[in-house]
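Colleague: Turn this into a model:
(one chain, ligands or ions: 1)
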Amino acid sequence: MKKVLVVGGAGYVGCVLVEELLAKGYSVRVFDRLFFGRDPARQFLDRVELVVEDMREFDESHVSDCGAVINVGGLSNDPTAEFNPKANEELNTWASIRVAEVARRVGVPKMVFASTCSIYDRGVGEDIHDFLQDEETEVEPKAAYATSKLAAERAILALADDRFTPVAFRKGTIFGFSPRMRYDLVVNAFVKDALSKGKLAVHYGGSMWRPLIDVKDVARAYVMALEADPDLIRGQVFNLIGGNFRISELALRVQRILTDLGVRVELDVDYSYRLVRSYRVSGTKLERALGFQPKVTLEESVEHMAREIDRFGYTDFSHPRYYNIEWMKLLEESVEIVSGHGYVLSKPSVTIEVPDGEFMAGASSGRGHRIG
Ligand SMILES: NC(=O)c1ccc[n+]([C@@H]2O[C@H](COP(=O)([O-])OP(=O)(O)OC[C@H]3O[C@@H](n4cnc5c(N)ncnc54)[C@H](O)[C@@H]3O)[C@@H](O)[C@H]2O)c1
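Modeller: The predicted structure is shown next:
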């Protein structure tokens, strides 16, 4: 059985991808710094090897026995990239190139790199920028996140040779349920807002275009790339999308789906200009090369998401763990506060003797209480 290394395998995409790989009979090694904890991956932890390390320290030992690498690790949106541009460049560009170089050096035949359609973003306001962009379109991203991904793509794809097949997937914005849930992605955010507030906020009249794809379709495309004839994909970039949607259409469709499920949802539309992203891209290159077609409709995905959010109890919608930028800021602040001690409330391996008869809130007896 071929072993696949998934860098970032405990993330939003990673958790769904690992399940898909396991279902297809691959053995899987997850390499992840576990920024979002171990819990989201709990359903497959006994079926995979887990390496908890930083991708900046990736080396031969992590990959020498693997038949393929999929890199879905690093910082995964604009706000986190702008929050720490140095870390963004280190992870999304240099560590990603390092993963590819190491894989190639030890003879791993294939690697897929997670890039992004944000590379195509040209903003709204000028009609001249409103056209269907494909992999041949000249791009000139300005934002830190897209720039870092484009730099990595170019360096990684340049490593292609007869024995090494690197591929980059420029993914559209993803939607759908993952055990490592994100509510900072447009469709997921709509579902979260509908379930928590009964209201969807649609900015700038919802006129922006966005390429989108369901997370299970993403996982399926990665597996297709692993199984594809290397000659069809070697050294190439592919857009990976399910379709292009205006935000207004998305809002209306999410409203309709959830209304049918018995959730009352209003639309709150404003038309004032604000900084918004808008772009639409073509997915036909991947369709031609691998026959990839999206299978999961927005309706199916949203229905499934609403059910799974409830089943997994991910209804604590304001928890920062669901929003990458909020979570990263919180972790950075926390590490400063706790780094000297290495713990917060429970001091490891310490037992405090509490004298008999002393009152202690929550304690059932006056004997020694183990803290930790
Ligand atoms: N989610 C989307 O809509 C979307 C769209 C286009 C592209 N992408 C790209 O797809 C990939 C996966 O996105 P996601 O939504 O799953 O993101 P995510 O933030 O949920 O997952 C990223 C994972 O990488 C891990 N990671 C981060 N830094 C690491 C490090 N230094 N060492 C080891 N592991 C580290 C994190 O712990 C996390 O598990 C990213 O590269 C992202 O840029 C995502």
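
Colleague: Remind me which helix or strand Val237 belongs to.
Modeller: Taking DSSP states H and E as the definition, one finds Val237 inside strand 236-240.

Colleague: helices or strands next to that strand in the packing?
Modeller: For strand 236-240, the helices and strands in contact under the criterion 3 or more C-beta pairs under 8 Å, 6 or more residues apart in numbering; DSSP states H and E are helix 144-157, strand 165-171, helix 284-290. Just so you know, the C-beta spots here come from the backbone N, C-alpha and C atoms, and that holds for glycine as well.

Colleague: So which of the ones you listed is the most surrounded?
Modeller: The densest packing among the helices and strands packed on strand 236-240, expressed as mean neighbour count by mean count of other C-beta atoms under 10 Å, is seen in strand 165-171 with a mean of 27.

Colleague: helices or strands up against whichever helix or strand comes after that strand?
Modeller: Next helix or strand after strand 165-171 toward the C-terminus (DSSP H and E): strand 173-175. If contacts are counted by 3+ C-beta pairs under 8 Å, 6+ apart, strand 173-175 sits against helix 186-197, strand 209-214, helix 215-227, helix 298-312.

Colleague: please redo it, this time with the cut-off set to 10 Å
Modeller: With contacts defined as 3 or more C-beta pairs under 10 Å, 6 or more residues apart in numbering; DSSP states H and E, strand 173-175 has these neighbours: helix 12-23, helix 186-197, strand 209-214, helix 215-227, helix 298-312.

Colleague: That strand pairs with which strands?
Modeller: strand 209-214 (parallel) (DSSP bridges).

Colleague: Would you reformat the helices and strands packed on strand 173-175 as a markdown table and include mean neighbour count, mean pLDDT and distance to Asn77?
Modeller: Output for the helices and strands packed on strand 173-175, formatted as a markdown table (neighbours: other C-beta atoms under 10 Å; pLDDT from 0 to 100; distance: least, C-beta to C-beta, whole Å):
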| stretch | mean neighbour count | mean pLDDT | distance to Asn77 |
| --- | --- | --- | --- |
| helix 12-23 | 23 | 98 | 11 |
| helix 186-197 | 21 | 97 | 11 |
| strand 209-214 | 24 | 96 | 13 |
| helix 215-227 | 22 | 98 | 15 |
| helix 298-312 | 17 | 97 | 19 |
